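**Student:** Sequence first, predicted coordinates after that:
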Amino acid sequence: MNHTYQVTGMTCEGCKKSVEEKLTAVEGITSVEVNLGKGEASLSMEHHIPLEVLQKALPNKYTITQQKPKNVFASSETMEVPKTKFQQLQPLFLIFGYLIASAILLHYKAWNTTEAMLDFMGLFYIVFSFFKLLDLKGFPESFSMYDPLAKIIPAYGWVYPFIELALGLMFLMRVEITAALIITLVILGITTIGVTRTLLNKKAIQCACLGTALKLPLTEATFIENAIMIVMAVLMLLNLV
């Protein structure tokens, strides 16, 4: 017998492979096929297996549920319309807008471009590290899908959110700015190389810039996001020389 279930919590090809392996290991299941895009798992069983058994076989980050029946009589108005890139990345653009506005408001009475840039970079790291820390277990796996260093050294993915948090505090507190700028160039440079390779290979994976809480596709916007921070770091270093 064949059954199709909804599986939430999958963010990348690594998640897909993990779900397939865990469900295949359940006694009575002969084959498992996971569709990452649809968030579905098609299972072939020798006999009926309770949903509780399937859930127990999966790590806590995944939730498996019965697939909701499709209403063949639904009108075109109720059918889900695919989101555009802009709609998918709206949370990212919204956060950038808030960060820019915050940096401007902090200095509009006595404008200082250098100080505003430092505050923007500090707020950027604080906010982005917050979203990564929401799912510290899931982030490293998603991050390693495109960051070259995280692929080689898995522990790097675990400490990366804390590196961002430390950099954010350094920028906001004006502590060792030169060192913070150099570290920014290194870590974002490495990530940008990985993002560029992924985009050129046209792989459809999730961006981990905002952790796994917000499901954002890896697109040109991710490259632009890193490029902005890199350019700002270079300009700041030139000003300090």
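**Tutor:** Cool, the structure landed.

**Student:** I'd like the next helix or strand past the helix or strand in which Y125 is found.
**Tutor:** In this assignment (DSSP states H and E), Y125 forms part of helix 113-133. Counting by DSSP H and E, the element after helix 113-133 in chain order, helix or strand, is helix 139-143.

**Student:** Alpha carbons only: can I get that next one in CSV?
**Tutor:** Once non-C-alpha atoms are left out, helix 139-143 reads as follows in CSV (Å, rounded to 0.1, in the frame of the first residue of the first chain):
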residue,chain,number,x,y,z
PHE,A,139,21.0,26.0,10.9
PRO,A,140,24.4,24.2,10.4
GLU,A,141,22.9,21.7,8.1
SER,A,142,21.3,24.3,5.9
PHE,A,143,24.3,26.6,6.0
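
**Student:** for this protein, what spans make up the strands?
**Tutor:** Counting by DSSP state E, the chain has strands at residues 2-8, 29-35, 40-45, 63-66, 206-207, 216-217.

**Student:** Please enumerate residues in contact with the fourth one?
**Tutor:** Okay, so that is strand 63-66. Under the contact criterion Cβ atoms under 8 Å, 6 or more residues apart in numbering, strand 63-66 has outside partners 5-9, 41, 51, 54-55, 58. No exception for glycine: its C-beta is placed from N, CA and C like everyone else's.

**Student:** which of those residues sit farthest apart?
**Tutor:** G9 and L51 (15.4 Å; Cβ to Cβ).

**Student:** Looking at those two, which one has more neighbours?
**Tutor:** Comparing G9 with L51 by other Cβ atoms under 10 Å, the one with more neighbours is G9, at 17 against 12.

**Student:** separation between that one and K61?
**Tutor:** 5 Å (Cβ to Cβ, to the nearest Å).

**Student:** Give me the common contacts of those two.
**Tutor:** G138.

**Student:** Give me the nearest residue to L165, chain neighbours excluded.
**Tutor:** With Cβ to Cβ, 6 or more residues apart in numbering as the criterion, L165 has its nearest non-adjacent residue at 4.1 Å, and that residue is S129.

**Student:** Flag every buried residue along the biggest helix by length in the chain.
**Tutor:** Across the chain, the longest stretch assigned as helix under DSSP state H is helix 177-200. Buried residues in helix 177-200, counting neighbours by 16 or more other Cβ atoms under 10 Å, are found at 177, 180-181, 183-184, 187-188, 190-192, 194-195, 198.

**Student:** now, which of those residues sits nearest A25?
**Tutor:** Of those, the one sitting nearest to A25 (Cβ to Cβ) turns out to be T198, at 29.9 Å.

**Student:** Might one say that that closest one is in contact with P148?
**Tutor:** No. Counting by Cβ atoms under 8 Å, T198 does not reach P148; the two are 10.3 Å apart.

**Student:** just to revisit the earlier point, for the buried residues of helix 177-200, give me a markdown table that also has distance to Y160.
**Tutor:** Below are those laid out as a markdown table (distance: Cβ to Cβ, whole Å):
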| residue | distance to Y160 |
| --- | --- |
| I177 | 21 |
| A180 | 15 |
| L181 | 18 |
| I183 | 12 |
| T184 | 13 |
| I187 | 8 |
| L188 | 11 |
| I190 | 10 |
| T191 | 9 |
| T192 | 14 |
| G194 | 12 |
| V195 | 14 |
| T198 | 17 |
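
**Student:** who touches the closest residue in space to V19 that isn't next to it in sequence in this structure?
**Tutor:** Setting aside the residues directly before and after it, V19 is nearest to V34 in space (Cβ to Cβ, 6+ apart), at 5.3 Å. Contact analysis of V34 by Cβ under 8 Å, 6+ apart lists 7, 10, 16, 19-20, 40-42.

**Student:** Done for today, thanks.
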